[in-house]
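Enquirer: Fold the following, please.
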Amino acid sequence: MPLLLKRELGNKLSISNYLITVILALAPISELRGAIPYAYAQGIPLLEAALIGTLINIAVSPIAYLFLTFIHNIFYSRFNWYIRLFDRTVERTRERLHDKVHSYGWVGIMLFVAVPLPITGAWTGTLGAWIFGLEKRKSILAVSLGVIIAGIIVTLLLYVGVSATSIFIKRITI
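Expert: All right, here's what the predicted structure looks like:
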């Protein structure tokens, strides 16, 4: 069976492996870059790990929008220090980057999220779209497409990396 579909590590698959994979896919630091390799290392087949990590990470954008809107509305209506901080930093950022963001728009958000590097991902892409006031539905779609591309990239890199080790490691089956 191809390496992409089956992984023989001798690890027993458990609910905790799946739960940790879900948590990693939702976490702002790890997202797909942590969820897919972790799941695969725990014995979850690569295709399954990629699907779980990608689908869960797609859920981040609507969750982030709810969180940002809810928290922002509460803080903006109650705390003067937040109003000053928000107006000073966010408005200044909006003014400075307005032309670039609006020239690339949702394609820029999608490409930003699609690059599986630290600081890029669904959380940051959604935050950027929210800060710049881009339309919510289109932004969620752009982030979702970026997550799918990032999921494909992480999966392919993991597949190629593990497959490349076969040059150096002789696997003996009994």
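Enquirer: Who are the packing partners of the worst-scoring helix or strand of the chain on mean pLDDT?
Expert: When each helix and strand of the chain is scored by mean pLDDT, DSSP states H and E, helix 91-114 comes last, with a mean of 86. Counting contacts by 3 or more Cβ pairs under 8 Å, 6 or more residues apart in numbering; DSSP states H and E, helix 91-114 packs against helix 122-131, helix 136-164. Quick note: C-beta positions are derived from backbone N, CA and C, even for glycine.
Enquirer: With mean pLDDT and mean neighbour count added, can I get those helices in a markdown table?
Expert: Formatted as a markdown table, the helices and strands packed on helix 91-114 follow (pLDDT from 0 to 100; neighbours: other Cβ atoms under 10 Å):
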| stretch | mean pLDDT | mean neighbour count |
| --- | --- | --- |
| helix 122-131 | 92 | 22 |
| helix 136-164 | 93 | 18 |
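Enquirer: Dump these into CSV; add distance to Asn17 as well.
Expert: Below are these laid out as CSV (distance: least, Cβ to Cβ, whole Å):
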stretch, distance to Asn17
helix 122-131, 22
helix 136-164, 16
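Enquirer: I'd like to know which of these is closest to Leu46.
Expert: Taking Cβ to Cβ, helix 136-164 is the member of the helices and strands packed on helix 91-114 nearest to Leu46, at 6.1 Å.
Enquirer: How far does that closest one sit from its chain's centre?
Expert: Relative to the chain's own centre, helix 136-164 is displaced by 8 Å; criterion: Cα atoms, centre = their mean, to the nearest Å.
Enquirer: Same question for stretch 27-39.
Expert: In terms of Cα atoms, centre = their mean, the centre of stretch 27-39 is set 8 Å apart from its chain centre.
Enquirer: Give the buried residues for that stretch.
Expert: Residues of stretch 27-39 classed as buried: 30-39 (neighbour count, 16 or more other Cβ atoms under 10 Å).
Enquirer: What about those residues, which are in helices?
Expert: 31-39 (DSSP state H).
Enquirer: got those residues as a markdown table, with distance to Pro118 and pLDDT columns?
Expert: Shown next, in a markdown table, are those (distance: Cβ to Cβ, whole Å; pLDDT from 0 to 100):
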| residue | distance to Pro118 | pLDDT |
| --- | --- | --- |
| Glu31 | 10 | 95 |
| Leu32 | 12 | 93 |
| Arg33 | 8 | 94 |
| Gly34 | 11 | 95 |
| Ala35 | 15 | 96 |
| Ile36 | 15 | 96 |
| Pro37 | 14 | 95 |
| Tyr38 | 16 | 96 |
| Ala39 | 19 | 96 |
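Enquirer: Kindly reformat the residues you listed as CSV and extend each row with distance to Glu91.
Expert: Shown next, in CSV, are these (distance: Cβ to Cβ, whole Å):
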residue, distance to Glu91
Glu31, 28
Leu32, 32
Arg33, 32
Gly34, 33
Ala35, 35
Ile36, 37
Pro37, 39
Tyr38, 39
Ala39, 41
